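Chemist: compute the structure for the input listed below.
(one chain, ligands or ions: 2)
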Amino acid sequence: MMVHSVYSDKDVFLRELISNAADACEKLRYEAIAHPGLLANDPDSRILLTLDADGGKLVVEDNGIGMSRDEMIEALGTIARSGTRAFMERIEANKQGEGAQLIGQFGVGFYSCFMVADRVDVISRRAGAEDAWLWSSDGKGGYSVSPVDVSEAPARGTRITLHLMEDAKSYASRWTVERIVKEQSGHVPVPIKIAEKPGEEATQLTDGTALWTKSKNDITAEEYTDFYRGVSGQYDEPALTVHFRAEGRHEYSALAFVPGSQPFDLFDPDRKGRMKLYVKRVFITDEADLLPRYLRFVRGLVDTADLPLNVSREMIQESPILSAIRKGVTNRIITAIEKQAESDHDAFLKIWENFGSLIKEGIYEDFERRAQLLALSRFRTTASADGYRSLADYVKDVKEGQQAIYYLVGGSLEQLKASPQLEGFRARGIEVLLLTDSVDSFWVTNAPEFEGKSFKSITQGSADLAQFKKQDEDKPESSTAPAEVQAFIDFAKEKLADEVSDVRASDRLIESAVCLVASERGYDRQLEKILQGAGR
Ligand code: ADP
Ligand code: MG
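Modeler: Ligands and ions are numbered 1, 2, ... in the order given. Take a look at the predicted model:
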């Protein structure tokens, strides 16, 4: 398997297995709301790690939902699930080099156990089922599935036995396992126990208290980071942590993180599960749309007591309580980012560089917060040098009488900076936003104005620059063309009659002789190109 070459830090396999075990316990608690019988006489979730140093084995067992035969084949037999697939594709694309770093950022889920084991046996019994199954593989592509006697299976849930490789035997030592669990899984909401030998009594490693129910003052930065890594699947530090309890009309807790680097699945349309919904500490779903789409980089959860535990997933989508929560959480997250922009500008710029192109989607998707999101946005401009400018900066420095915020959209900053369209603006000291994200063409044609100024493409219509003085000149120039230029214009119009709709003298140009512009009403040039590319 590729996994060998990929990981620089093999420890993460344990976090992946523990997180799957915890997910399985949470799924069971959810199903048990409608079918309490599933819990039988064992209502408390637990994860048990059993060490077997003599046998060179590590066993991870949970009493969660378990897997039927079909579920095993579906879940473990393929790596075609979105997260893993997206990851593997990136690894494939970067056969050398990037792999080791990547693994610092993402997990590959269940398959990561083949970094440390040359054989993995999974015995599982689905809650309520009469049968149990063994899935076994050496991680080289094949696997087998066979029935096992229920006496050899957990009463409910999944037991994963790792036959450790020669150089991975330390994963059967208490010291190593305990260290990893405390480091990486200390705040999994299911208690974790450890037994030093098969059959020996287990002691508790973590208590499974939900971190978000604690008060902020009792939580350390490390605890937040650890929890963030568990909930997000990221291996970096959060760039921003938002933790609050809302009281009053609606009661809920929210714990949300802005990742410190770009998750690899931001543009993967299948990938769900950015914000989890809990009701009274029971995990309900990660498909509740707790945040607007453009905040899909935010990871975390909301826990509320205002919804009934047996709320159906369909009901959730229509629930007015949920839309109130969604509004509250969205506001808090945006406010937190705004505060970051004021208090720690460099930290904010890192967030902006990673997620600015998504936040800008909000400018046309979230009408209510448009002004707020515009104010939060940062831009490269003809006046920004190596930094960024806000629209407030832009508006503060406009030329007298300047009614528009000028912009130029294109593929790259270098390309934009070399554009002849900018010449006239530069000569007059008029700032132009240089927009290079593909989302820019969309919001900018949608955003009506910022502080009373409308957005105007400098490649569209007439530039109206004649009223502004060039920097080395005393008087504004006249925009009417001299007679010999007019004669040339008439000539060009006639020659190009089938190609262009008009030919005009322009204040845009200083050094270049001609440039193409779009008409006043049609699409901006860059949007025109995108639409052509899309077959319009
Ligand atoms: P992910 O957790 O992102 O879905 P994984 O590769 O970690 O991806 O796990 C794949 C799937 O295998 C899970 O979604 C789940 O359906 C199943 N699975 C793994 N471990 C367990 C477990 N301990 N109990 C029940 N199902 C499990
Ligand atoms: Mg997993």
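
Chemist: for residue 374, the count of nearby residues, please.
Modeler: By other Cβ atoms under 10 Å, 21 other residues sit near residue 374. Quick note: C-beta positions are derived from backbone N, CA and C, even for glycine.

Chemist: got a list of what it touches?
Modeler: When contacts are counted by Cβ atoms under 8 Å, 6 or more residues apart in numbering, residue 374 touches 363, 391, 447, 450.

Chemist: which of those residues lies closest to residue 236?
Modeler: residue 363 (27.0 Å; Cβ to Cβ).

Chemist: what sits closest to residue 224 if chain neighbours are left out?
Modeler: residue 241 (5.2 Å; Cβ to Cβ, 6 or more residues apart in numbering).

Chemist: residue 159 now?
Modeler: residue 61 (4.3 Å).

Chemist: correct me if wrong, but that neighbour is in a strand.
Modeler: Yes - per DSSP: H, G, I helix; E, B strand; the rest coil, residue 61 lies within a strand segment.

Chemist: what residues are up against it?
Modeler: Going by Cβ under 8 Å, 6+ apart, the list of residues near residue 61 reads 21, 47-50, 154, 157-160.

Chemist: find the closest residue to ligand 1 in the chain.
Modeler: Using Cβ to the nearest ligand atom, the single residue of the chain nearest to ligand 1 is residue 109, 2.4 Å away.

Chemist: burial count for that residue?
Modeler: Neighbours around residue 109, by other Cβ under 10 Å: 20.

Chemist: what's the answer for residue 280, then?
Modeler: Neighbour tally, residue 280, other Cβ under 10 Å: 12.

Chemist: quick one: contacts for it?
Modeler: Neighbours of residue 280 in contact, by Cβ under 8 Å, 6+ apart: 303-305, 309.

Chemist: export those residues to TSV and tack on neighbour count, secondary structure and distance to ligand 1?
Modeler: Output for those, formatted as TSV (neighbours: other Cβ atoms under 10 Å; DSSP: H, G, I helix; E, B strand; the rest coil; distance: Cβ to the nearest ligand atom, whole Å):
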residue	neighbour count	secondary structure	distance to ligand 1
303	22	strand	21
304	20	strand	24
305	14	coil	27
309	14	coil	21
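
Chemist: redo those residues as CSV? Include pLDDT.
Modeler: Output for the contacts of residue 280, formatted as CSV (pLDDT from 0 to 100):
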residue, pLDDT
303, 94
304, 93
305, 88
309, 76
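
Chemist: pick out the most distant pair among those.
Modeler: 303 and 309 (12.0 Å).

Chemist: overlap of the contact sets of those two?
Modeler: With Cβ under 8 Å, 6+ apart as the test, residue 303 and residue 309 both reach 279-280.

Chemist: most neighbours, which of the contacts of residue 374?
Modeler: Counting by other Cβ under 10 Å, top hit in the contacts of residue 374: residue 363 with 24 neighbours.

Chemist: returning to what we had before: pick out the lowest-pLDDT one from the contacts of residue 374.
Modeler: pLDDT across the contacts of residue 374 is lowest for residue 447, at 76.

Chemist: quick check: that residue touching residue 367?
Modeler: No - contact criterion Cβ atoms under 8 Å: residue 447 and residue 367 do not qualify, at 10.3 Å.

Chemist: mutual contacts of these two, please.
Modeler: In contact with both residue 447 and residue 367: no residue, using Cβ under 8 Å, 6+ apart.

Chemist: next up, the contacts around the closest residue to residue 191 other than its chain neighbours.
Modeler: Leaving aside its chain neighbours, residue 191 sits nearest to residue 208 (3.6 Å; criterion: Cβ to Cβ, 6+ apart). Contacts for residue 208 were tallied using Cβ under 8 Å, 6+ apart; they are 45, 188-192.

Chemist: just the residues you listed now: which is nearest residue 412?
Modeler: residue 188 (43.8 Å).

Chemist: distance-wise, check the closest one relative to ligand 2.
Modeler: 12 Å (Cβ to the ion, to the nearest Å).

Chemist: how far away is the closest residue to that residue other than its chain neighbours from residue 65?
Modeler: Take residue 188 and drop its neighbours on the chain: the residue closest to it by Cβ to Cβ, 6+ apart is residue 22, 4.6 Å away. Going from residue 22 to residue 65 by Cβ to Cβ, to the nearest Å gives 11 Å.

Chemist: and for residue 200?
Modeler: Counting by Cβ to Cβ, the gap from residue 200 to residue 65 is 27 Å.

Chemist: again with residue 284
Modeler: 14 Å.

Chemist: would you mind listing what in the stretch 151-300 of the chain touches ligand 1?
Modeler: residue 158 (Cβ under 6 Å from any ligand atom).
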